[in-house]
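> With the input below, show me the fold.
(2 chains)
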Protein chains: 2
Amino acid sequence: MISESMKALTAGSSVIRAMFEEGKKMADIYGKENVYDFSLGNPSVNPPSVIKDAINTILDNEDPKTVHGYMNNAGFEDVREKIAASLNERFLTHFNGSNILMTVGAAGGLNVIFRTLLNPEDEVVVFTPYFGEYRNYAANYGAVLVAAGTDKETFLPDIEDLERKISEKTRILLINTPNNPTGVVYSKRVLEDIADVLRNKSKEYGAPIYLVSDEPYRELVYDGVEVPYVTGIYENTIVGYSYSKSLSLPGERIGYLVLPDELDGAEEIKAAANVANRILGFVNAPSLMQKVIGECLDASVDTGIYDANRKLLYESLISYGYTCVRPQGAFYLFVKTFDVDDREFTKAAK
Amino acid sequence: MISESMKALTAGSSVIRAMFEEGKKMADIYGKENVYDFSLGNPSVNPPSVIKDAINTILDNEDPKTVHGYMNNAGFEDVREKIAASLNERFLTHFNGSNILMTVGAAGGLNVIFRTLLNPEDEVVVFTPYFGEYRNYAANYGAVLVAAGTDKETFLPDIEDLERKISEKTRILLINTPNNPTGVVYSKRVLEDIADVLRNKSKEYGAPIYLVSDEPYRELVYDGVEVPYVTGIYENTIVGYSYSKSLSLPGERIGYLVLPDELDGAEEIKAAANVANRILGFVNAPSLMQKVIGECLDASVDTGIYDANRKLLYESLISYGYTCVRPQGAFYLFVKTFDVDDREFTKAAK
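As a prediction, the model looks like this:
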């Protein structure tokens, strides 16, 4: 009864459900407190206390019809201006409120920009390994995901393979740094190499290839590593951001897109993304949370907890003989198993 | 630079922007307090005070990692159970939590069910006049909107035209009662006539035609009129609901879909809608607001204010010689102008 394209997706999602059910079974046998849930990217760190304070202040002082009401589909003007100013201060950019589109998390933002830019059969290039949802986001609009390779030791982009994988159908290169699932952060040098390829290929095919940088893990970095701001490196860059991890608010669905004036067709893209946000049914990012973000731009979660977990897990696994790139960001480990067959390995581990 | 399908949509949306800009110009000339904004469906009535109380109670008593965290993509189990129980009490239905999918407003819910059910080139039938966004929601998935007629005096469905407009490509009949923009409410008799057509046509074409009932205005009815619950009338009914109007929370993007067990392929549809909610980038309905709804199921806004506005506007317009069906619900008036050309009329009115 469901659409053709949903059949495969729904069948595929039962693997995750099977994992979840297996976890429940194990909890029954071994006790809930002895089963650790690594299945979802749900933060284990509390949101900063300023979130609750901001909610209370807003509810006590502002008109509830505004706090809970419709605004411009792109978001409250004052919140967008504040985010632009904060980015300008941190990254020496030159954004204003019109460059910020408030979205229903980063997943909502990616869907908005895919709906805005992609024609059916267009291609989106990503580097392996990548967040599995990217394939579905592209499929929503009839577009196709194309995987480019990475170095098997470092998981850094294979620039030559990127050149091979870009075709005249490529509209977007989607990057994710700090990366889910490897934790790798791309340096300025790596991003410059990517930019060179995109510029050459845009010229070769006579149409811009947009770089979409999905950055929900930007603030979760360790050992003082720097995450370069990509709009300063490649002119056709769109940034997707989320407060899911930086403020531990994943359920609230709050984030934004940065649509710089340097984009080829910037005005057209800004107008179309606004419409896409509306017609995809988001309409606008949740209103109270927009206002909360406006009051909490300098807040962050305690990343020390993630860092301690990272060290414990990474060093333990390495000491057991596993191989794994040491993650510089995010809260994932991408571990090479001893066995070739991952299902067999999983059974044995259980 | 934007996708082909977004070009026409973005161009079309500039009409609304022109209207908005015109309003700003008039406010400059006549004073902001003398220009009434009828452009958006933003409630003019405050949310009930229990909303603020519920937010405070939840923030004071529950684990912030749960309140602001990911849950099942379909929503918090306890909230879904409470909504099901509330519907069962009000409408003598037999739902449980698994029949409720929490969504990012009704617009999000319609996109979820369209993504779930529609193949490219499938048809969605609606009755004229209809909420203009329906066409865009169908276009998101390559489907086509087909308009069936209504009686020009009453705006009730033309059942014979419905029969003509349903084809083998029809997957969904989308109704909206109380209606935007006419305010008309469909009686049980009207809904039974629609159900008869859908049953016959489903049989004729050998595939179920789903009735999607978009009900953001269900609680905004006047003169004691009853809005029948459609799942009791036609077995293949899916209900879309939103708290945007009933609790004056449009900016918060909170609503739900009802997916009854009576649906042809109910289990498949429930599983696929859950996946669609995730991959469209909604992921889940905003988490704090889900919990707030769970505490405010018996609350409502003061519809007396809308009723007073309705009477004033309707009776005044009629006294000036306009013709207009007397709305039984929602907060719109669909007025026949004196002039054939609506642009000329608008100029003159200005």
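> remind me which residues of the stretch 201-350 of chain A are low pLDDT?
A:339 (pLDDT under 70).
> got the residues of it near chain B?
Residues of the stretch 201-350 of chain A lying near chain B by C-beta under 8 Å from any C-beta of the partner chain: A:208, A:248-253, A:263-265, A:268-269, A:271-272, A:274-276, A:278-289. (Each C-beta comes from the backbone N, C-alpha and C, glycine too.)
> Now, those residues that are in helices?
Within these, residues falling in helices by DSSP state H are A:268-269, A:271-272, A:274-276, A:278-279, A:287-289.
> Need phi/psi at residue A:309.
The phi/psi pair for residue A:309 (degrees, to the nearest 10) reads phi -60, psi -40.
> That one: what's it in contact with?
A:44, A:331 (C-beta atoms under 8 Å, 6 or more residues apart in numbering or on different chains).
> thinking again about what came up before, which of the ones in helices among the residues of the stretch 201-350 of chain A next to chain B sits closest to chain B?
Checking these against chain B by C-beta to the nearest C-beta gives residue A:287 as the nearest, at 2.8 Å.
> thought the closest one was touching residue A:73?
No - contact criterion C-beta atoms under 8 Å: residue A:287 and residue A:73 do not qualify, at 11.7 Å.
> The two: who's more crowded?
In this view residue A:287 and residue A:73 are compared by other C-beta atoms under 10 Å in any protein chain shown, and residue A:287 has more residues nearby, 25 against 19.
> List the residues that contact the nearest residue to that one once chain neighbours are set aside.
Leaving aside its sequence neighbours, residue A:287 sits nearest to residue B:251 (C-beta to C-beta, 6 or more residues apart in numbering or on different chains; 2.8 Å). With contacts defined as C-beta under 8 Å, 6+ apart, residue B:251 is in contact with A:67-71, A:284, A:286-288.
> Now which of the residues you listed would you call buried?
Buried residues within those, counting neighbours by 16 or more other C-beta atoms under 10 Å in any protein chain shown: A:67-71, A:284, A:286-288.
> Please convert the buried members of the residues of the stretch 201-350 of chain A next to chain B into PyMOL selection syntax.
Selecting only the buried members of those in PyMOL, with burial defined as 16+ other C-beta under 10 Å, works like this:
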select buried, chain A and resi 208+248+249+250+251+252+253+263+268+269+271+272+274+275+276+278+279+280+281+282+283+284+285+286+287+288+289
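> close to chain B, is stretch A:61-78?
Yes - on the criterion C-beta under 8 Å from any C-beta, stretch A:61-78 is in touch with chain B at A:64-65, A:67-71.
> Just the ones in helices from those residues, please.
Per DSSP H, those map to helices at A:64-65, A:67.
> ok, which stretches of the stretch 201-350 of chain A are strands?
Using DSSP state E, counting those that start in this stretch, the strands of the stretch 201-350 of chain A run over A:210-214, A:237-242, A:255-258, A:323-324, A:335-336.
> Looking at those strands, spot the one closest to residue B:164.
strand A:255-258 (43.5 Å; C-beta to C-beta).
> Against which helices or strands is that closest one packed?
For strand A:255-258, the packing partners by 3 or more C-beta pairs under 8 Å, 6 or more residues apart in numbering or on different chains; DSSP states H and E come out as helix A:77-91, strand A:100-103, helix A:105-117, strand A:237-242.
> which residues are in contact with that strand?
By C-beta under 8 Å, 6+ apart, the residues outside strand A:255-258 that reach it are A:75, A:80, A:83, A:87, A:95, A:99-106, A:108-109, A:112-113, A:216, A:231, A:238-244, A:273, A:285.
> Repeat that for stretch A:324-334.
A:41, A:43, A:129, A:153-155, A:177-185, A:217, A:220-223, A:225, A:227, A:245, A:306, A:309-310, A:313-314, A:317-318, A:335-336.
> same check, this time on stretch A:196-215
Residues from elsewhere that reach stretch A:196-215, judged by C-beta under 8 Å, 6+ apart: A:106, A:110, A:113, A:117, A:131, A:159, A:162-163, A:166, A:168, A:170-177, A:194-195, A:227, A:230, A:234, A:236-242, A:263-265, B:1.
> Among the residues you listed, the buried ones, what's the ChimeraX command?
Selecting only the buried entries of the contacts of stretch A:196-215 in ChimeraX, with 16+ other C-beta under 10 Å as the criterion:
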select /A:106,110,113,117,131,162,166,170,171,172,173,174,175,176,177,194,195,227,230,234,236,237,238,239,240,241,242,263 /B:1
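> for stretch A:49-63, what is the average pLDDT?
If you average the pLDDT over stretch A:49-63, you get 98.
> Identify the residue of the stretch 1-150 of chain A closest to chain B, quick one.
Distances between the stretch 1-150 of chain A and chain B by C-beta to the nearest C-beta are smallest at residue A:1, namely 3.0 Å.
> And for that residue, nearest residue in space, chain neighbours not counted?
Nearest to residue A:1 is residue B:265, by C-beta to C-beta, 6+ apart, at 3.0 Å.
> got it, and residue A:5?
residue A:139 (6.3 Å).
> so what's that neighbour up against?
Going by C-beta under 8 Å, 6+ apart, the list of residues near residue A:139 reads A:5, A:9, A:145, B:279.
> Verify the contact between the second one and residue B:275 for me.
Yes - counting by C-beta under 8 Å, a contact exists between residue A:9 and residue B:275, whose distance comes to 5.4 Å.
> helix, strand or coil for residue A:13?
Three-state call for residue A:13 (DSSP: H, G, I helix; E, B strand; the rest coil): helix.
> Let's see the pLDDT reported for it.
Looking at residue A:13, the pLDDT reads 72.
> Could you check what's spatially nearest to it, not counting adjacent residues?
residue B:275 (5.0 Å).
> repeat for residue A:166
residue A:201 (4.7 Å).
> Next: residue A:221.
Residue A:221's closest residue in space is residue A:329 (C-beta to C-beta, 6+ apart), at 4.1 Å.
> ok, the one you found to chain B distance?
Counting by C-beta to the nearest C-beta, to the nearest Å, the gap from residue A:329 to chain B is 20 Å.
> any idea how far that residue lies from residue A:89?
21 Å (C-beta to C-beta, to the nearest Å).
> With neighbour numbers in mind, choose between the two.
The neighbour comparison of residue A:329 against residue A:89 (other C-beta under 10 Å) goes to residue A:329, with 25 against 10.
> How much space separates that one from residue A:306?
9 Å.
> now do residue A:235
33 Å.
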